[in-house]
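> structure for this input, please:
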Amino acid sequence: MSSPFSRLLELIGWAVVGLTVILLLVAHQIDRYTPPQKETPLQHT
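Sure thing, here's the model as predicted:
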């Protein structure tokens, strides 16, 4: 009786891991992009 529940939990776990990896990759790409912004007082020094 716990087999469907464990399979569902495993699917949810893998989905969470996949989403986390995708979000980390997207955040890394966005962090490396660094578009030119007008308000950057740190880079002005």
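> tell me how far residue 27 lies from residue 10.
Residue 27 sits 26 Å away from residue 10, going by Cβ to Cβ, to the nearest Å. C-beta here means a position set from N, CA and C on the backbone, and glycine is covered the same way.
> how about residue 19?
Distance from residue 19 to residue 10, counting by Cβ to Cβ: 15 Å.
> now swap in residue 26 and tell me
On the measure of Cβ to Cβ, residue 26 and residue 10 end up 25 Å apart.
> would you map the helices across this structure?
Using DSSP state H, the helices of the chain run over 3-33, 41-44.
> make TSV out of those helices and add mean pLDDT and mean neighbour count.
Formatted as TSV, those follow (pLDDT from 0 to 100; neighbours: other Cβ atoms under 10 Å):
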stretch	mean pLDDT	mean neighbour count
helix 3-33	90	10
helix 41-44	56	6
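> restrict stretch 20-30 to CA atoms and write it as PDB.
What follows is stretch 20-30, C-alpha atoms only, in PDB (Å, rounded to 0.1, in the frame of the first residue of the first chain):
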ATOM      1  CA  THR A  20      16.800  23.200  -8.400                       C
ATOM      2  CA  VAL A  21      19.600  22.400 -10.900                       C
ATOM      3  CA  ILE A  22      17.800  24.300 -13.600                       C
ATOM      4  CA  LEU A  23      17.300  27.300 -11.400                       C
ATOM      5  CA  LEU A  24      21.000  27.200 -10.400                       C
ATOM      6  CA  LEU A  25      22.100  27.100 -14.000                       C
ATOM      7  CA  VAL A  26      19.700  30.000 -14.900                       C
ATOM      8  CA  ALA A  27      20.900  32.100 -12.000                       C
ATOM      9  CA  HIS A  28      24.500  31.400 -12.900                       C
ATOM     10  CA  GLN A  29      23.900  32.500 -16.500                       C
ATOM     11  CA  ILE A  30      22.100  35.600 -15.400                       C
END
